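Student: output the structure for:
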Amino acid sequence: MSYLLNRISISPPRFISALSISVENKSHLRERHEKSINLFNPSQIFSDSSKSRPCTIRNAEIIHAQVFKTAILQSDIFIANSLLDWYCKCSAMDCAVLLFDEIPYPNLISFNIKMSGYNQNSLFKEAWKTFCTLRLSGFIPTEFTYGSVLSACAALQSPLFGDLVHSLTIKTGFFLNGFVHAGMINLMATTCSFHEALRVFQDVSCENVVCWNVIISAAIKNGENWIALDLFCQMIGRFLVPNSFTLSTVLTACATLEELEMGKEIQGWVIKTGTKDDIFVGTSIVDLYAKCGEMDESAKEFLHMPVRNVVVWSSLLSGFVQNDDSISALQLFKEMRKKGEEINNYTVTSLLTACAKPTMQKEAAQIHSWILKSGFYSNSAVGSSLIKMYSKIGGIDSSEAVFCEMEMFKNIEIWAVMISTFANYLKKERAIDYYLRMLKEGLKPDKFCSSSVLSIIDSISLGKQVHCYTTKTGLVFDVSVGSSILIMYCKYGAVEESYEVFEQIIRKDNVSWASMIAAFTEHGSADQAIHLFREMLIETEDIKPDQTTLSSILHACSSLHLLQKGKEIHGYSFRSGFGRDVLVGSALVNMYSKCGSLDLAIKAFKILPRKDQISYCSLISGFAQNGYLNEALALFSELRMVELELDSFTVSSVLGVVTLLSRLDIGSQLHSLVAKIGLDSETSVGSSLVTMYSKCGSIGNCCNAFDQITNPDLICWTAMIASYAHHGKGKEALRVYKSMIKEGIQPDSVTFITILSACSHNGLIEEAFYYFNSMIKDYEIEPNYRHYACMVDILSRGGRLEEAEEFIEQMPIKADALIWGTLLAACKVHGNVEIGRRVGKRVIELEPCEAGAYVSLSNIWADLGQWEEVSKIRTLMKVSDAMKEPGSSFV
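Tutor: Prediction:
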């Protein structure tokens, strides 16, 4: 108590009588009144505003009223600007604008405060307009002015405005200012490209740490993590001392790249610069070790942190989830709750990912209950994670139940997750139904909804409708939506429509380029694919071809047998760092094999550091294509020895080799193997087994292999029809065709060739005409030369040579030598000299150097004993330089 009394200064009491007050003269009263007025000092209030009173709209209005009474606002620009700044900080921009208009002579600071206020309240267009007014008023911008307007341009994503400000900074000399230079780098990274930002950064030798921080951060945001680390090394080389922002940023790059050793070196800089206790740096270190799988080290760094916030707790929890340690993640969450730590949406979504396992249904239900109690249920990110979690542990129905429960909180993000879940489960009808429900309820499907639906659409007409919607809403210009649309068109062979969509995409990425190149390659336009790849290299500086793009262009080279072009791309792949990539390596093996350079294919295969099924399969196919069938089987045996998992594509390739060798014994062993591993029900394997057994003459095993296929596609059905046709079982072939139609499978031109071939081998002339007409009328398939050749063969085998000749004459397309040759061979069999002479003349006119027609005509005359005619034909044959190939026999 005595201590307190000593701290308090007590002045002696002063007693004033009522009489003394009454005798005060008027001048004294006036003096006191003037003093009371002078007690209101606006300058002092604004100077001590942070200490005296909170910055609220109410307080600002009170001060504004007092200032207005004293009329000081018109004469004191400092007070006017201070009040303007107060309104801006309170987000009262309407009041700030009215006040600004009241200032008789606003200065540059007034404009700067107004621009800064607009930026703080996300009114970036107004900030730009204020800058324009400032320039028109004759003021010269300062570094703070440029900082504000550059921030506004970056937020507006306006390269045009940015270029104007850029030119102005160069003109006024502010480009060399570190603050302005940093803003310009950030603007270029946001509105143009990272490489443009890097060019701006390199234009001026910068000794400002802020500029280095901005360019390093921009590199990481654009996925250029290696460049970010290289920039950091350059910064250190210039003896600039990194701050906590620099170190936390480059540690993030190391975590993304999983570069633990580099991260440890940067951690040394953390210790050296004394920023270890910085919470952002500490969080980045914890995240680094977690991303690199070093959870013990991550936990140690976590425990050494003096202060921990929700971000570092969530980073450690996410690390456990990423390393598939769900138990530790749940224990850490329990510890968070025990200590009363803050829990945010990111914490909850990571926790839900940890519980997304079939073995953790109990924990998932408990977390779901806690979410309902804690109020996170209304958060869209949490709701989306719940739907994803239940889709993995309880199936699609559980996810849909959660979606329906969130009726009050459903937004676009939750709809997108639900549609994506349907798409992942290949529930086409339900995904499309939900998409249509969104439109009926007045919601606008975003790029994620549209991309998910486009990925599973099985009708080009429906795809066109979604395309129309995305065009109306502008989503078609988004790279993910545009890529999905062009892939959808490619799936149905509409390459021209795909290319139109590709041209509309404003900022193309590797997916869009690779998809378009692959589309050209797959649909017989490999030359256009190569042209497009060349265009990509020339026109896009900021996008470099990745593994998928290089693989696609190598397949184009394979299709055209362009060995030299393939070698050039091989060299480019090595320079780009993809020379030993498995995907690119497999494409190289395939390219060299198809171009007939098997030695280079083997070399490309051997230098791969890690060989997978695709690389083995590529070389197996290469051996088979070049006639090295035994070597192909030997390589398959090697594949089995290294214990790589077999897939349907590999098995199909090997079965193709067995088919060429007609080795039924090896084929039967392979059948047993695929049945053992469960691949015999796959469509590609099943159709290959059917073809193999057919070529080996085992029609019974053909049927058995076909019956094992779970959902036979058109290729499987066609293979089965062809098998019956080749073995002279025409009626069985037609029965299989009818079964295929009942299953709802639409036949194609190849299917009708097999049907007509079956009719031909069994003399089913009327049936052949029925199916030929059905192909045209019912399925709108235009017949090609092979279909017409089959019809001519059917009529010729039946001895109806006149009808065959008339059929050829009435064809809508000009008959080639194959069709006329089919009729000529029949004329020899049936001894019809008149038709044979006319037909032989047609064949010789079309192919004068082919010996077949001469030989057939010669044989017809020889059978009739007309040796003079035989001599004439042989003389004509010599004059035409037509050479008959000598026959050979293994007997």
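Student: any idea which helix or strand comes after the stretch of helix or strand Y572 belongs to?
Tutor: Per DSSP states H and E: Y572 is located in helix 563-575. Where DSSP H and E defines the elements, the next helix or strand beyond helix 563-575 is helix 582-594.
Student: what about that following helix, average pLDDT?
Tutor: Across helix 582-594, pLDDT averages out at 88.
Student: now the angle between helix 563-575 and it, please.
Tutor: 160 degrees (axes from the mean of the first three to the mean of the last three CA atoms, to 10 degrees).
Student: buried residues, the helix or strand that comes right after helix 582-594. List them.
Tutor: Tracing the chain past helix 582-594, the next element assigned as helix or strand by DSSP H and E is helix 598-606. Buried residues in helix 598-606, counted by 16 or more other CB atoms under 10 Å: L598, L600, A601, I602, A604, F605. To be clear about C-beta, it is placed using only N, CA and C from the backbone, and glycine gets the same treatment.
Student: so how far is L818 from the fifth one?
Tutor: Remark: distance between A604 and L818 (CB to CB, to the nearest Å) = 39 Å.
Student: and the fourth one, by the same measure?
Tutor: If you measure I602 against L818 using CB to CB, the figure is 38 Å.
Student: one more: the third one?
Tutor: With distances defined as CB to CB, the gap from A601 to L818 amounts to 34 Å.
Student: okay, and the closest residue to T691 other than its chain neighbours sits in which element?
Tutor: Nearest residue to T691 in three dimensions, chain neighbours excluded: A719, at 5.3 Å (CB to CB, 6 or more residues apart in numbering). Using DSSP H and E, A719 maps to helix 714-726.
Student: low-confidence ranges, the stretch 301-450 of the chain, go.
Tutor: 407-410 (pLDDT under 70).
Student: show me the contacts for the residue nearest the centre of the chain.
Tutor: Nearest residue to the geometric centre of the chain (CA atoms, centre = their mean): V511, 5.3 Å. With contact taken as CB atoms under 8 Å, 6 or more residues apart in numbering, V511 is in contact with V479, S480, S483, T548.
Student: now do 10 Å
Tutor: V479, S480, G482, S483, S484, L486, I487, D546, T548, T549 (CB atoms under 10 Å, 6 or more residues apart in numbering).
Student: rewinding a little: from N344, how far out is the residue nearest to T691?
Tutor: For A719, the distance to N344 - CB to CB - is 57 Å.
Student: these two: which has the busier surroundings?
Tutor: A719 (25 against 15; other CB atoms under 10 Å).
Student: for the stretch 151-300 of the chain, just list every one of the strands.
Tutor: Shown for the stretch 151-300 of the chain, no strands are assigned by DSSP state E, counting those that start in this stretch.
Student: all helices of it, in order?
Tutor: Along the stretch 151-300 of the chain, counting by DSSP state H, counting those that start in this stretch, helices occupy 159-172, 178-191, 194-203, 209-221, 225-237, 244-257, 260-273, 279-291, 295-304.
Student: Serialize these to JSON lines and add fields for distance to S525 and mean neighbour count.
Tutor: Output for the helices of the stretch 151-300 of the chain, formatted as JSON lines (distance: least, CB to CB, whole Å; neighbours: other CB atoms under 10 Å):
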{"stretch": "helix 159-172", "distance to S525": "34", "mean neighbour count": "17"}
{"stretch": "helix 178-191", "distance to S525": "35", "mean neighbour count": "24"}
{"stretch": "helix 194-203", "distance to S525": "31", "mean neighbour count": "18"}
{"stretch": "helix 209-221", "distance to S525": "37", "mean neighbour count": "22"}
{"stretch": "helix 225-237", "distance to S525": "35", "mean neighbour count": "17"}
{"stretch": "helix 244-257", "distance to S525": "38", "mean neighbour count": "23"}
{"stretch": "helix 260-273", "distance to S525": "44", "mean neighbour count": "16"}
{"stretch": "helix 279-291", "distance to S525": "42", "mean neighbour count": "25"}
{"stretch": "helix 295-304", "distance to S525": "50", "mean neighbour count": "16"}
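Student: next, count neighbours for G627.
Tutor: For G627, the count of nearby residues is 11 (other CB under 10 Å).
Student: wouldn't it be in contact with L660 here?
Tutor: Yes. Counting by CB atoms under 10 Å, G627 does reach L660; the two are 8.8 Å apart.
Student: okay, the residue nearest to T691 and E682: tell me how far apart.
Tutor: According to CB to CB, A719 stands 13 Å off from E682.
Student: joint contacts of those two?
Tutor: Residues touching both A719 and E682 (CB under 10 Å, 6+ apart) are S688, L689, I709.
Student: which of those lies closest to D793?
Tutor: Closest approach between the shared contacts of A719 and E682 and D793, by CB to CB: S688, at 27.6 Å.
Student: spatially nearest residue to K729 (excluding sequence neighbours)?
Tutor: Sequence neighbours aside, I699 is the residue nearest to K729 in space, at 7.2 Å (criterion: CB to CB, 6+ apart).
Student: so L673 is in which element?
Tutor: Using DSSP H and E, L673 falls in helix 664-677.
Student: ok, residues contacting that helix?
Tutor: Contacts for helix 664-677 (CB under 10 Å, 6+ apart): 633, 636, 640, 645-648, 651-652, 654-655, 657-659, 661, 663, 679-682, 685-686, 688-689, 692-693, 695-698, 701, 704-705, 708.
Student: over to stretch 562-577?
Tutor: 526-527, 530, 533, 537, 544-547, 550-551, 553-554, 556-558, 560, 578-581, 584-585, 587-588, 590-592, 594-597, 600, 604.
Student: rerun that using 6 Å as the cut-off
Tutor: L550, I553, L554, C557, G579, V584, L588, M591, C595, S597 (CB atoms under 6 Å, 6 or more residues apart in numbering).
Student: distance of the fifth one from I607?
Tutor: As for G579, its distance to I607 is 8 Å (criterion: CB to CB).
Student: more neighbours, the two?
Tutor: Per other CB under 10 Å, whichever of G579 and I607 has more neighbours is G579, with 18 against 11.
Student: skip the chain neighbours and tell me the closest residue to that one.
Tutor: Distances taken as CB to CB, 6+ apart place S573 nearest to G579, at 5.1 Å, with adjacent residues excluded.
Student: burial count for that neighbour?
Tutor: If we define neighbours as other CB under 10 Å, then S573 has 23 of them.
Student: now do it, the pLDDT please.
Tutor: pLDDT for S573: 90.
Student: and for P242?
Tutor: 89.
Student: what about it, neighbour count?
Tutor: Counted by other CB under 10 Å, the residues lying close to P242 total 23.
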